[in-house]
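Trainee: One predicted model, sequence on top.
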Amino acid sequence: MNNRNHDRNHGLNHDLGNDRNHGRNDDNTPGEPGAEQQLRDLRELLPQAEPTLAAAPAELTRWVTRHAARLADPRTGADLDAPLTDLEPLRDLVGDARVVALGENSHQIREFGLLRDRILRFLVQELGFTVYAMEFGAAEGRAVDAWVQGGPGDIDDLLAPRDGEPRDAGATGANSDTSTRTSGCGRNGRLGQPVECRDTLRWLRRRNAGAARPVRFVGCDIPLAGGSLAPVLEPVAAYLATVDPAALRFVDAAREVAEPISGGTVMVPAYARLGLEPAVQDRLTTALARLLGRVTDLREVYTERGGQAAYETALSDVRAAVATDHAQRAMAEALAGAPDGLNFAARERYLADTLLDCLRRSEPGTRIVLVGHNAHIQRSANQADGPLALTTMGNLLSRSLGPDYVPIALTGNGGETVENVPDPHHPLGMRWGRAATPEAAPDSVEALFAGVPEEPALVDARALRAYARRHGLPEPARTRLDTAFIEVPALEAFDGVICVPDTSVSADLVR
(Lines give C-alpha, C1' and ligand atoms only; values in the text may rest on other atoms or scores of the structure.)
Protein backbone atom coordinates (compact mmCIF):
# COMPACT_ATOMS: atom_id res chain seq x y z
CA MET A 1 0.00 0.00 0.00
CA ASN A 2 1.41 3.43 -0.87
CA ASN A 3 1.77 6.22 1.70
CA ARG A 4 -1.37 8.03 0.51
CA ASN A 5 -3.49 4.94 1.01
CA HIS A 6 -1.77 4.15 4.30
CA ASP A 7 -2.56 7.59 5.69
CA ARG A 8 -6.12 7.42 4.45
CA ASN A 9 -6.71 4.03 6.06
CA HIS A 10 -4.86 4.57 9.33
CA GLY A 11 -7.79 5.98 11.28
CA LEU A 12 -10.34 3.61 9.78
CA ASN A 13 -8.22 0.52 10.41
CA HIS A 14 -7.62 1.60 13.98
CA ASP A 15 -11.37 2.00 14.49
CA LEU A 16 -12.04 -1.46 13.04
CA GLY A 17 -9.52 -3.21 15.26
CA ASN A 18 -7.04 -4.05 12.50
CA ASP A 19 -4.20 -6.26 13.67
CA ARG A 20 -2.33 -7.38 10.57
CA ASN A 21 -0.13 -9.76 12.56
CA HIS A 22 -3.18 -11.76 13.63
CA GLY A 23 -5.07 -11.83 10.32
CA ARG A 24 -4.68 -15.55 9.76
CA ASN A 25 -6.34 -18.20 11.88
CA ASP A 26 -3.58 -20.77 11.40
CA ASP A 27 -4.39 -22.69 14.56
CA ASN A 28 -7.89 -23.69 13.42
CA THR A 29 -9.18 -22.86 16.88
CA PRO A 30 -12.12 -25.06 17.96
CA GLY A 31 -15.35 -23.38 16.96
CA GLU A 32 -13.72 -21.62 14.02
CA PRO A 33 -13.83 -23.01 10.45
CA GLY A 34 -10.82 -25.28 9.99
CA ALA A 35 -9.46 -27.43 7.21
CA GLU A 36 -10.43 -30.63 8.96
CA GLN A 37 -14.08 -29.56 8.77
CA GLN A 38 -14.12 -28.69 5.07
CA LEU A 39 -16.78 -30.12 2.81
CA ARG A 40 -15.51 -32.53 0.18
CA ASP A 41 -18.59 -32.40 -2.06
CA LEU A 42 -21.28 -29.71 -2.30
CA ARG A 43 -23.87 -32.46 -2.71
CA GLU A 44 -23.34 -33.18 0.98
CA LEU A 45 -25.32 -30.00 1.66
CA LEU A 46 -28.45 -31.39 0.02
CA PRO A 47 -31.01 -33.25 2.13
CA GLN A 48 -30.59 -37.01 1.81
CA ALA A 49 -34.20 -38.07 1.34
CA GLU A 50 -35.53 -41.13 -0.41
CA PRO A 51 -37.90 -40.61 -3.36
CA THR A 52 -41.51 -40.23 -2.30
CA LEU A 53 -42.70 -42.47 -5.14
CA ALA A 54 -41.65 -45.90 -6.36
CA ALA A 55 -42.43 -44.93 -9.95
CA ALA A 56 -43.53 -41.85 -11.84
CA PRO A 57 -47.34 -41.54 -12.02
CA ALA A 58 -48.27 -43.27 -15.26
CA GLU A 59 -51.23 -40.98 -15.90
CA LEU A 60 -49.06 -37.86 -15.67
CA THR A 61 -46.43 -39.44 -17.90
CA ARG A 62 -49.10 -40.18 -20.50
CA TRP A 63 -50.41 -36.60 -20.24
CA VAL A 64 -46.92 -35.21 -20.89
CA THR A 65 -46.44 -37.57 -23.85
CA ARG A 66 -49.75 -36.44 -25.38
CA HIS A 67 -49.53 -32.71 -24.70
CA ALA A 68 -45.83 -31.84 -24.85
CA ALA A 69 -44.82 -29.63 -27.76
CA ARG A 70 -41.94 -31.18 -29.71
CA LEU A 71 -39.15 -28.72 -30.41
CA ALA A 72 -36.48 -28.77 -33.10
CA ASP A 73 -33.37 -30.64 -32.04
CA PRO A 74 -30.57 -28.09 -31.40
CA ARG A 75 -27.80 -30.66 -31.49
CA THR A 76 -25.19 -31.33 -34.16
CA GLY A 77 -26.32 -30.23 -37.60
CA ALA A 78 -29.16 -27.99 -36.41
CA ASP A 79 -29.57 -24.74 -38.32
CA LEU A 80 -30.03 -21.92 -35.82
CA ASP A 81 -31.24 -19.68 -38.63
CA ALA A 82 -34.06 -22.10 -39.53
CA PRO A 83 -37.70 -21.07 -39.03
CA LEU A 84 -38.85 -20.84 -35.43
CA THR A 85 -42.37 -22.16 -35.95
CA ASP A 86 -41.84 -25.04 -33.50
CA LEU A 87 -41.58 -22.42 -30.73
CA GLU A 88 -45.08 -21.01 -31.32
CA PRO A 89 -46.43 -22.71 -28.14
CA LEU A 90 -44.31 -20.21 -26.23
CA ARG A 91 -46.58 -17.41 -27.42
CA ASP A 92 -49.47 -18.56 -25.23
CA LEU A 93 -47.20 -19.61 -22.37
CA VAL A 94 -45.49 -16.20 -22.24
CA GLY A 95 -48.58 -14.08 -22.89
CA ASP A 96 -47.98 -10.44 -21.99
CA ALA A 97 -45.30 -11.13 -19.37
CA ARG A 98 -42.66 -8.45 -18.93
CA VAL A 99 -39.95 -10.87 -17.77
CA VAL A 100 -39.45 -14.40 -19.12
CA ALA A 101 -36.76 -16.43 -17.38
CA LEU A 102 -35.01 -19.30 -19.15
CA GLY A 103 -33.26 -21.69 -16.80
CA GLU A 104 -30.87 -24.63 -16.84
CA ASN A 105 -30.32 -27.44 -14.37
CA SER A 106 -26.56 -27.10 -14.84
CA HIS A 107 -24.32 -24.44 -16.30
CA GLN A 108 -22.19 -25.16 -19.36
CA ILE A 109 -24.55 -27.61 -21.07
CA ARG A 110 -24.36 -27.27 -24.85
CA GLU A 111 -27.99 -28.07 -25.69
CA PHE A 112 -29.35 -25.59 -23.16
CA GLY A 113 -27.27 -22.83 -24.73
CA LEU A 114 -28.42 -23.72 -28.23
CA LEU A 115 -32.08 -23.90 -27.18
CA ARG A 116 -31.91 -20.57 -25.38
CA ASP A 117 -30.39 -19.04 -28.51
CA ARG A 118 -33.43 -20.10 -30.57
CA ILE A 119 -35.89 -19.07 -27.86
CA LEU A 120 -34.23 -15.65 -27.53
CA ARG A 121 -34.55 -15.13 -31.28
CA PHE A 122 -38.23 -16.04 -31.12
CA LEU A 123 -38.93 -13.73 -28.18
CA VAL A 124 -37.04 -10.85 -29.80
CA GLN A 125 -38.28 -11.26 -33.37
CA GLU A 126 -41.83 -12.42 -32.72
CA LEU A 127 -42.78 -10.96 -29.32
CA GLY A 128 -40.74 -7.76 -29.19
CA PHE A 129 -38.40 -8.40 -26.25
CA THR A 130 -35.65 -5.78 -26.08
CA VAL A 131 -33.42 -6.71 -23.12
CA TYR A 132 -31.28 -9.83 -22.72
CA ALA A 133 -30.34 -10.24 -19.05
CA MET A 134 -28.07 -12.91 -17.61
CA GLU A 135 -26.86 -14.37 -14.34
CA PHE A 136 -23.66 -12.45 -14.98
CA GLY A 137 -21.96 -9.63 -13.12
CA ALA A 138 -23.79 -6.33 -13.47
CA ALA A 139 -20.54 -4.37 -13.54
CA GLU A 140 -18.87 -6.72 -16.05
CA GLY A 141 -22.04 -6.69 -18.14
CA ARG A 142 -21.59 -3.05 -19.05
CA ALA A 143 -18.61 -3.92 -21.27
CA VAL A 144 -20.59 -6.76 -22.88
CA ASP A 145 -23.48 -4.40 -23.65
CA ALA A 146 -21.09 -1.92 -25.24
CA TRP A 147 -19.80 -4.70 -27.51
CA VAL A 148 -23.30 -5.91 -28.38
CA GLN A 149 -24.17 -2.34 -29.39
CA GLY A 150 -21.28 -2.34 -31.89
CA GLY A 151 -18.31 -1.36 -29.75
CA PRO A 152 -14.73 -2.42 -30.53
CA GLY A 153 -13.03 -5.64 -29.54
CA ASP A 154 -14.00 -9.31 -29.63
CA ILE A 155 -16.42 -11.15 -27.38
CA ASP A 156 -13.92 -13.98 -26.86
CA ASP A 157 -11.51 -11.53 -25.27
CA LEU A 158 -14.26 -10.54 -22.83
CA LEU A 159 -15.85 -13.88 -22.07
CA ALA A 160 -13.99 -16.95 -23.32
CA PRO A 161 -13.01 -19.36 -20.51
CA ARG A 162 -9.35 -19.34 -19.65
CA ASP A 163 -7.46 -21.93 -17.63
CA GLY A 164 -5.40 -20.62 -14.74
CA GLU A 165 -2.46 -21.91 -12.75
CA PRO A 166 -3.11 -23.86 -9.55
CA ARG A 167 -3.47 -21.76 -6.42
CA ASP A 168 -1.33 -22.13 -3.33
CA ALA A 169 -3.94 -23.33 -0.88
CA GLY A 170 -1.90 -21.86 1.96
CA ALA A 171 -1.92 -18.35 0.47
CA THR A 172 -5.32 -17.40 1.75
CA GLY A 173 -4.79 -14.67 4.29
CA ALA A 174 -4.53 -10.95 4.13
CA ASN A 175 -0.75 -11.25 3.74
CA SER A 176 -0.79 -13.83 0.93
CA ASP A 177 1.23 -13.54 -2.27
CA THR A 178 -0.24 -10.89 -4.51
CA SER A 179 0.37 -13.09 -7.54
CA THR A 180 -3.09 -14.55 -6.97
CA ARG A 181 -4.74 -11.12 -7.09
CA THR A 182 -6.46 -11.09 -10.43
CA SER A 183 -9.89 -10.09 -11.57
CA GLY A 184 -10.19 -13.47 -13.25
CA CYS A 185 -9.62 -16.75 -11.43
CA GLY A 186 -6.53 -17.72 -9.53
CA ARG A 187 -3.60 -16.79 -11.74
CA ASN A 188 -4.58 -15.53 -15.20
CA GLY A 189 -7.67 -17.72 -15.53
CA ARG A 190 -11.43 -17.21 -15.54
CA LEU A 191 -14.63 -19.20 -15.72
CA GLY A 192 -16.01 -17.09 -18.60
CA GLN A 193 -19.06 -18.05 -20.64
CA PRO A 194 -19.36 -21.07 -22.96
CA VAL A 195 -19.16 -20.76 -26.71
CA GLU A 196 -22.94 -21.16 -27.09
CA CYS A 197 -23.48 -18.01 -25.01
CA ARG A 198 -20.84 -16.09 -26.94
CA ASP A 199 -22.43 -17.12 -30.25
CA THR A 200 -25.78 -15.79 -29.01
CA LEU A 201 -24.14 -12.45 -28.25
CA ARG A 202 -22.60 -12.42 -31.74
CA TRP A 203 -26.10 -12.82 -33.18
CA LEU A 204 -27.34 -9.94 -31.04
CA ARG A 205 -24.53 -7.71 -32.28
CA ARG A 206 -25.32 -8.55 -35.92
CA ARG A 207 -29.02 -7.95 -35.37
CA ASN A 208 -28.47 -4.68 -33.51
CA ALA A 209 -26.41 -3.30 -36.39
CA GLY A 210 -29.54 -2.89 -38.49
CA ALA A 211 -32.28 -2.76 -35.85
CA ALA A 212 -34.49 0.24 -35.20
CA ARG A 213 -34.68 -0.81 -31.55
CA PRO A 214 -31.48 -2.62 -30.50
CA VAL A 215 -31.54 -5.31 -27.82
CA ARG A 216 -29.61 -4.35 -24.71
CA PHE A 217 -27.50 -6.73 -22.65
CA VAL A 218 -27.77 -6.50 -18.85
CA GLY A 219 -25.84 -8.41 -16.22
CA CYS A 220 -27.72 -8.70 -12.94
CA ASP A 221 -25.40 -10.69 -10.68
CA ILE A 222 -22.70 -9.93 -8.13
CA PRO A 223 -19.16 -9.74 -9.59
CA LEU A 224 -17.45 -12.91 -10.79
CA ALA A 225 -20.11 -15.12 -9.19
CA GLY A 226 -19.01 -13.78 -5.81
CA GLY A 227 -15.31 -14.34 -6.44
CA SER A 228 -13.97 -10.80 -6.30
CA LEU A 229 -14.96 -7.29 -5.30
CA ALA A 230 -12.56 -5.72 -7.82
CA PRO A 231 -15.04 -5.40 -10.73
CA VAL A 232 -17.27 -3.19 -8.57
CA LEU A 233 -14.82 -1.44 -6.26
CA GLU A 234 -12.64 -0.21 -9.12
CA PRO A 235 -15.42 1.80 -10.84
CA VAL A 236 -16.71 2.93 -7.44
CA ALA A 237 -13.26 4.29 -6.60
CA ALA A 238 -13.12 6.15 -9.92
CA TYR A 239 -16.57 7.63 -9.23
CA LEU A 240 -15.75 8.67 -5.67
CA ALA A 241 -12.56 10.34 -6.84
CA THR A 242 -14.77 12.89 -8.63
CA VAL A 243 -17.66 13.31 -6.16
CA ASP A 244 -16.27 12.47 -2.70
CA PRO A 245 -12.53 11.68 -2.48
CA ALA A 246 -12.68 11.42 1.31
CA ALA A 247 -14.84 8.28 0.97
CA LEU A 248 -12.02 6.45 -0.81
CA ARG A 249 -10.66 5.38 2.58
CA PHE A 250 -13.54 2.92 2.87
CA VAL A 251 -12.77 1.44 -0.56
CA ASP A 252 -9.09 1.11 0.30
CA ALA A 253 -9.85 -0.61 3.59
CA ALA A 254 -12.14 -3.09 1.83
CA ARG A 255 -9.59 -3.78 -0.90
CA GLU A 256 -6.86 -4.47 1.65
CA VAL A 257 -8.78 -7.51 2.91
CA ALA A 258 -10.66 -8.56 -0.22
CA GLU A 259 -8.02 -8.47 -2.95
CA PRO A 260 -5.59 -11.08 -1.57
CA ILE A 261 -8.37 -13.67 -1.24
CA SER A 262 -10.15 -12.99 -4.55
CA GLY A 263 -10.73 -15.48 -7.35
CA GLY A 264 -12.96 -16.33 -10.29
CA THR A 265 -15.83 -17.80 -8.24
CA VAL A 266 -17.09 -17.54 -4.69
CA MET A 267 -15.29 -20.77 -3.81
CA VAL A 268 -11.83 -19.17 -3.81
CA PRO A 269 -12.52 -16.48 -1.18
CA ALA A 270 -14.74 -18.90 0.72
CA TYR A 271 -11.80 -21.27 1.18
CA ALA A 272 -9.56 -18.34 2.04
CA ARG A 273 -11.95 -17.17 4.74
CA LEU A 274 -11.61 -20.50 6.53
CA GLY A 275 -8.14 -19.30 7.54
CA LEU A 276 -9.04 -15.71 8.41
CA GLU A 277 -9.73 -14.45 11.91
CA PRO A 278 -13.31 -13.19 12.35
CA ALA A 279 -11.93 -9.72 13.16
CA VAL A 280 -10.34 -9.48 9.72
CA GLN A 281 -13.57 -10.45 7.98
CA ASP A 282 -15.45 -7.98 10.17
CA ARG A 283 -13.04 -5.24 9.06
CA LEU A 284 -14.11 -5.83 5.44
CA THR A 285 -17.79 -5.97 6.33
CA THR A 286 -17.59 -2.78 8.37
CA ALA A 287 -15.75 -0.87 5.65
CA LEU A 288 -18.38 -1.85 3.09
CA ALA A 289 -21.23 -1.01 5.46
CA ARG A 290 -19.81 2.44 6.08
CA LEU A 291 -19.28 2.94 2.35
CA LEU A 292 -22.88 1.98 1.58
CA GLY A 293 -24.15 4.25 4.34
CA ARG A 294 -22.18 7.21 3.02
CA VAL A 295 -23.22 6.68 -0.62
CA THR A 296 -26.86 6.31 0.45
CA ASP A 297 -26.89 9.25 2.86
CA LEU A 298 -25.28 11.66 0.37
CA ARG A 299 -27.54 10.80 -2.55
CA GLU A 300 -28.51 14.37 -3.33
CA VAL A 301 -24.93 15.64 -3.03
CA TYR A 302 -23.55 12.90 -5.26
CA THR A 303 -26.32 13.40 -7.81
CA GLU A 304 -25.64 17.12 -8.00
CA ARG A 305 -21.93 16.49 -8.50
CA GLY A 306 -22.04 13.56 -10.91
CA GLY A 307 -25.55 13.14 -12.29
CA GLN A 308 -28.37 10.69 -11.59
CA ALA A 309 -27.28 7.86 -13.90
CA ALA A 310 -23.71 7.75 -12.54
CA TYR A 311 -25.04 7.78 -8.99
CA GLU A 312 -27.40 4.86 -9.60
CA THR A 313 -24.60 2.83 -11.19
CA ALA A 314 -22.25 3.51 -8.28
CA LEU A 315 -24.93 2.68 -5.72
CA SER A 316 -25.64 -0.61 -7.49
CA ASP A 317 -21.93 -1.45 -7.47
CA VAL A 318 -21.60 -0.72 -3.75
CA ARG A 319 -24.62 -2.89 -3.04
CA ALA A 320 -23.03 -5.62 -5.14
CA ALA A 321 -19.88 -5.40 -3.02
CA VAL A 322 -21.91 -5.78 0.18
CA ALA A 323 -23.84 -8.73 -1.27
CA THR A 324 -20.58 -10.35 -2.39
CA ASP A 325 -19.15 -10.12 1.11
CA HIS A 326 -22.31 -11.78 2.45
CA ALA A 327 -22.17 -14.49 -0.22
CA GLN A 328 -18.54 -15.29 0.54
CA ARG A 329 -19.26 -15.56 4.25
CA ALA A 330 -22.24 -17.83 3.60
CA MET A 331 -20.22 -20.17 1.39
CA ALA A 332 -17.38 -20.30 3.91
CA GLU A 333 -19.87 -21.33 6.58
CA ALA A 334 -21.21 -24.02 4.26
CA LEU A 335 -17.71 -25.34 3.52
CA ALA A 336 -17.11 -25.48 7.27
CA GLY A 337 -20.17 -27.71 7.65
CA ALA A 338 -22.56 -25.11 9.05
CA PRO A 339 -24.73 -24.01 6.10
CA ASP A 340 -27.50 -21.50 6.69
CA GLY A 341 -29.81 -20.94 3.72
CA LEU A 342 -30.94 -17.59 5.11
CA ASN A 343 -27.39 -16.26 4.72
CA PHE A 344 -27.45 -16.97 0.98
CA ALA A 345 -30.27 -14.45 0.48
CA ALA A 346 -28.01 -11.49 -0.33
CA ARG A 347 -27.10 -12.68 -3.82
CA GLU A 348 -30.71 -13.54 -4.68
CA ARG A 349 -31.84 -10.12 -3.47
CA TYR A 350 -29.23 -8.38 -5.60
CA LEU A 351 -30.16 -10.45 -8.68
CA ALA A 352 -33.84 -9.56 -8.30
CA ASP A 353 -33.34 -5.90 -7.41
CA THR A 354 -31.01 -5.34 -10.37
CA LEU A 355 -33.65 -6.75 -12.72
CA LEU A 356 -36.41 -4.66 -11.16
CA ASP A 357 -34.21 -1.53 -11.35
CA CYS A 358 -33.67 -2.25 -15.04
CA LEU A 359 -37.42 -2.38 -15.58
CA ARG A 360 -37.94 0.80 -13.58
CA ARG A 361 -35.38 2.75 -15.61
CA SER A 362 -36.50 1.41 -18.99
CA GLU A 363 -39.06 2.90 -21.30
CA PRO A 364 -42.66 1.66 -21.12
CA GLY A 365 -43.24 -1.64 -22.90
CA THR A 366 -39.77 -3.02 -22.19
CA ARG A 367 -39.73 -6.82 -22.00
CA ILE A 368 -36.79 -8.81 -20.63
CA VAL A 369 -35.43 -12.28 -21.39
CA LEU A 370 -33.58 -13.46 -18.28
CA VAL A 371 -31.14 -16.40 -18.30
CA GLY A 372 -30.08 -18.10 -15.08
CA HIS A 373 -29.88 -21.40 -13.25
CA ASN A 374 -33.18 -23.12 -12.48
CA ALA A 375 -32.36 -22.74 -8.78
CA HIS A 376 -32.28 -18.95 -9.22
CA ILE A 377 -35.30 -18.46 -11.48
CA GLN A 378 -37.73 -20.77 -9.64
CA ARG A 379 -40.84 -19.03 -8.35
CA SER A 380 -41.14 -21.13 -5.20
CA ALA A 381 -39.20 -20.48 -2.02
CA ASN A 382 -36.92 -23.13 -0.54
CA GLN A 383 -37.15 -24.78 2.85
CA ALA A 384 -36.39 -22.37 5.68
CA ASP A 385 -34.10 -24.88 7.41
CA GLY A 386 -32.32 -26.08 4.25
CA PRO A 387 -28.92 -25.20 2.74
CA LEU A 388 -30.33 -23.25 -0.23
CA ALA A 389 -31.42 -19.61 -0.23
CA LEU A 390 -34.92 -19.34 1.24
CA THR A 391 -36.03 -16.60 -1.14
CA THR A 392 -34.73 -17.04 -4.68
CA MET A 393 -34.43 -14.38 -7.35
CA GLY A 394 -37.48 -15.87 -9.06
CA ASN A 395 -39.46 -15.87 -5.84
CA LEU A 396 -38.70 -12.17 -5.31
CA LEU A 397 -39.50 -11.29 -8.93
CA SER A 398 -42.77 -13.20 -8.72
CA ARG A 399 -43.74 -11.33 -5.55
CA SER A 400 -43.11 -8.00 -7.30
CA LEU A 401 -44.37 -8.78 -10.81
CA GLY A 402 -47.03 -11.45 -10.30
CA PRO A 403 -48.14 -12.88 -13.67
CA ASP A 404 -45.70 -10.54 -15.44
CA TYR A 405 -42.98 -13.03 -14.44
CA VAL A 406 -42.85 -16.35 -16.32
CA PRO A 407 -40.07 -18.85 -15.42
CA ILE A 408 -39.30 -21.73 -17.80
CA ALA A 409 -36.98 -24.50 -16.59
CA LEU A 410 -34.58 -26.32 -18.91
CA THR A 411 -33.58 -29.80 -17.82
CA GLY A 412 -32.53 -33.08 -19.35
CA ASN A 413 -32.53 -36.88 -19.34
CA GLY A 414 -29.62 -38.99 -20.51
CA GLY A 415 -26.25 -38.07 -21.93
CA GLU A 416 -23.77 -36.21 -19.76
CA THR A 417 -23.80 -33.32 -17.35
CA VAL A 418 -21.36 -31.25 -15.32
CA GLU A 419 -20.00 -32.46 -11.99
CA ASN A 420 -18.70 -29.83 -9.56
CA VAL A 421 -16.13 -30.84 -6.94
CA PRO A 422 -14.70 -28.34 -4.41
CA ASP A 423 -10.92 -28.07 -4.67
CA PRO A 424 -8.98 -25.41 -2.74
CA HIS A 425 -5.98 -25.89 -5.07
CA HIS A 426 -7.91 -25.19 -8.28
CA PRO A 427 -7.75 -21.64 -9.68
CA LEU A 428 -11.54 -21.46 -9.36
CA GLY A 429 -11.78 -23.25 -6.02
CA MET A 430 -13.67 -26.03 -7.79
CA ARG A 431 -13.09 -28.62 -10.50
CA TRP A 432 -15.56 -29.10 -13.33
CA GLY A 433 -15.84 -32.54 -14.88
CA ARG A 434 -18.09 -34.59 -17.13
CA ALA A 435 -20.40 -37.16 -15.58
CA ALA A 436 -23.15 -39.42 -16.84
CA THR A 437 -26.56 -37.89 -16.24
CA PRO A 438 -28.18 -39.95 -13.46
CA GLU A 439 -31.46 -41.73 -14.13
CA ALA A 440 -34.45 -39.57 -13.32
CA ALA A 441 -35.74 -39.97 -9.76
CA PRO A 442 -39.30 -41.38 -9.85
CA ASP A 443 -40.74 -38.32 -8.07
CA SER A 444 -38.88 -35.82 -10.30
CA VAL A 445 -40.36 -33.73 -13.08
CA GLU A 446 -37.80 -35.30 -15.43
CA ALA A 447 -39.37 -38.74 -14.92
CA LEU A 448 -42.59 -37.49 -16.51
CA PHE A 449 -40.81 -37.09 -19.87
CA ALA A 450 -40.08 -40.82 -20.23
CA GLY A 451 -42.47 -41.00 -23.19
CA VAL A 452 -40.62 -38.29 -25.13
CA PRO A 453 -37.12 -39.77 -25.49
CA GLU A 454 -36.10 -38.53 -28.94
CA GLU A 455 -36.44 -34.73 -29.03
CA PRO A 456 -36.70 -31.69 -26.75
CA ALA A 457 -40.21 -31.31 -25.36
CA LEU A 458 -41.99 -28.30 -23.84
CA VAL A 459 -44.78 -28.71 -21.28
CA ASP A 460 -47.05 -26.03 -19.87
CA ALA A 461 -46.51 -26.69 -16.16
CA ARG A 462 -49.63 -24.75 -15.24
CA ALA A 463 -51.84 -27.02 -17.33
CA LEU A 464 -50.10 -30.15 -16.01
CA ARG A 465 -50.52 -28.93 -12.42
CA ALA A 466 -54.22 -28.28 -12.98
CA TYR A 467 -54.68 -31.78 -14.44
CA ALA A 468 -52.80 -33.43 -11.55
CA ARG A 469 -54.86 -31.62 -8.93
CA ARG A 470 -58.13 -32.23 -10.71
CA HIS A 471 -57.43 -35.97 -10.66
CA GLY A 472 -55.74 -36.14 -7.27
CA LEU A 473 -52.41 -37.26 -8.70
CA PRO A 474 -49.05 -36.78 -6.92
CA GLU A 475 -47.08 -33.88 -8.34
CA PRO A 476 -43.31 -34.07 -8.92
CA ALA A 477 -41.38 -33.08 -5.82
CA ARG A 478 -37.85 -32.84 -7.25
CA THR A 479 -35.84 -31.57 -10.16
CA ARG A 480 -32.34 -32.21 -11.39
CA LEU A 481 -29.37 -30.10 -10.26
CA ASP A 482 -26.12 -31.19 -11.90
CA THR A 483 -25.68 -34.82 -10.81
CA ALA A 484 -28.14 -34.62 -7.91
CA PHE A 485 -31.83 -33.91 -7.31
CA ILE A 486 -33.22 -31.16 -5.10
CA GLU A 487 -36.64 -30.89 -3.51
CA VAL A 488 -38.62 -28.37 -5.54
CA PRO A 489 -42.37 -28.36 -6.26
CA ALA A 490 -41.60 -28.13 -9.97
CA LEU A 491 -45.14 -27.45 -11.20
CA GLU A 492 -45.40 -24.46 -8.85
CA ALA A 493 -41.82 -23.30 -9.31
CA PHE A 494 -42.03 -23.03 -13.11
CA ASP A 495 -44.69 -22.10 -15.66
CA GLY A 496 -43.03 -24.21 -18.32
CA VAL A 497 -40.54 -27.09 -18.42
CA ILE A 498 -38.37 -28.05 -21.39
CA CYS A 499 -36.70 -31.46 -21.18
CA VAL A 500 -33.80 -32.30 -23.51
CA PRO A 501 -32.67 -35.88 -24.20
CA ASP A 502 -28.95 -36.71 -24.20
CA THR A 503 -27.35 -33.49 -23.07
CA SER A 504 -23.63 -32.83 -23.48
CA VAL A 505 -21.08 -30.53 -21.89
CA SER A 506 -19.91 -27.41 -23.69
CA ALA A 507 -16.64 -27.89 -25.56
CA ASP A 508 -14.74 -25.16 -23.70
CA LEU A 509 -15.53 -26.25 -20.16
CA VAL A 510 -12.91 -25.03 -17.72
CA ARG A 511 -11.44 -28.11 -16.04
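Mentor: That came through, no problem.

Trainee: contacts and neighbour counts: CA atoms only from here.
Mentor: OK.

Trainee: Report how many residues lie close to the closest residue in space to A389 that isn't next to it in sequence.
Mentor: Nearest non-adjacent residue to A389, counting by CA to CA, 6 or more residues apart in numbering: G341, 4.5 Å away. Applying other CA atoms under 10 Å, we find 20 residues neighbouring G341.

Trainee: Isn't G341 up against A381?
Mentor: No: taking contacts as CA atoms under 8 Å, G341 lies outside contact range of A381: 11.0 Å.

Trainee: in the longest strand seen in the chain, what counts as buried?
Mentor: Across the chain, the strand with the greatest residue count (assigned by DSSP state E) is strand 405-422. Neighbour-count burial for strand 405-422 flags 405-414, 416-422 (criterion: 16 or more other CA atoms under 10 Å).

Trainee: do stretch 202-212 as well
Mentor: 202, 204-205, 207-208.

Trainee: now those residues in a markdown table, with distance to L123?
Mentor: Putting these into a markdown table (distance: CA to CA, whole Å) gives the following:
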| residue | distance to L123 |
| --- | --- |
| R202 | 17 |
| L204 | 13 |
| R205 | 16 |
| R207 | 14 |
| N208 | 15 |
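
Trainee: now, which of those sits nearest L448?
Mentor: L204 (34.7 Å; CA to CA).

Trainee: That closest one: helix or strand, and which one exactly?
Mentor: helix 195-209 (DSSP states H and E).

Trainee: which residues of the stretch 101-250 of the chain fall in strands?
Mentor: Ranges of strands in the stretch 101-250 of the chain, per DSSP state E, counting those that start in this stretch, are 131-137, 216-221.

Trainee: out of the ones you listed, which comes closest to R478?
Mentor: Using CA to CA, the strands of the stretch 101-250 of the chain put strand 131-137 closest to R478, at 22.6 Å.

Trainee: Taking their axis directions, that closest one and strand 216-221 sit at what angle?
Mentor: 30 degrees (axes from the mean of the first three to the mean of the last three CA atoms, to 10 degrees).

Trainee: returning to that earlier point: okay, now the sheet partners of the longest strand of the chain, with direction.
Mentor: Using DSSP bridges, the strands paired with strand 405-422 are strand 99-102 (parallel), strand 430-436 (antiparallel), strand 496-503 (parallel).

Trainee: Nearest to D73 among the strands of the stretch 101-250 of the chain would be which one?
Mentor: For these, proximity to D73 was assessed by CA to CA; strand 131-137 is nearest, at 22.9 Å.

Trainee: How far off centre is that closest one?
Mentor: 9 Å (CA atoms, centre = their mean, to the nearest Å).

Trainee: repeat for stretch 323-342
Mentor: Chain-centre distance of stretch 323-342: 15 Å, with CA atoms, centre = their mean.

Trainee: Kindly provide the whole-number mean pLDDT of it.
Mentor: The average pLDDT for stretch 323-342 rounds to 92.

Trainee: buried sites along the helix or strand containing A466?
Mentor: Here A466 sits within helix 461-470, counting by DSSP H and E. Within helix 461-470, the residues that count as buried by 16+ other CA under 10 Å are 461-462, 464-465, 467-468.

Trainee: In TSV: these, plus pLDDT and distance to A72.
Mentor: Output for these, formatted as TSV (pLDDT from 0 to 100; distance: CA to CA, whole Å):
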residue	pLDDT	distance to A72
A461	98	20
R462	98	23
L464	98	22
R465	98	25
Y467	98	26
A468	98	27
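
Trainee: Tell me the one among the residues you listed nearest to L233.
Mentor: The closest of the buried residues of helix 461-470 to L233 turns out to be A461 (CA to CA; 41.7 Å).

Trainee: how about the residue nearest the centre of the chain, what does it touch?
Mentor: In the chain, the residue lying closest to the centroid (CA atoms, centre = their mean) is E135, at 4.2 Å. Contact analysis of E135 by CA atoms under 8 Å, 6 or more residues apart in numbering lists 219-221, 351, 370-373.
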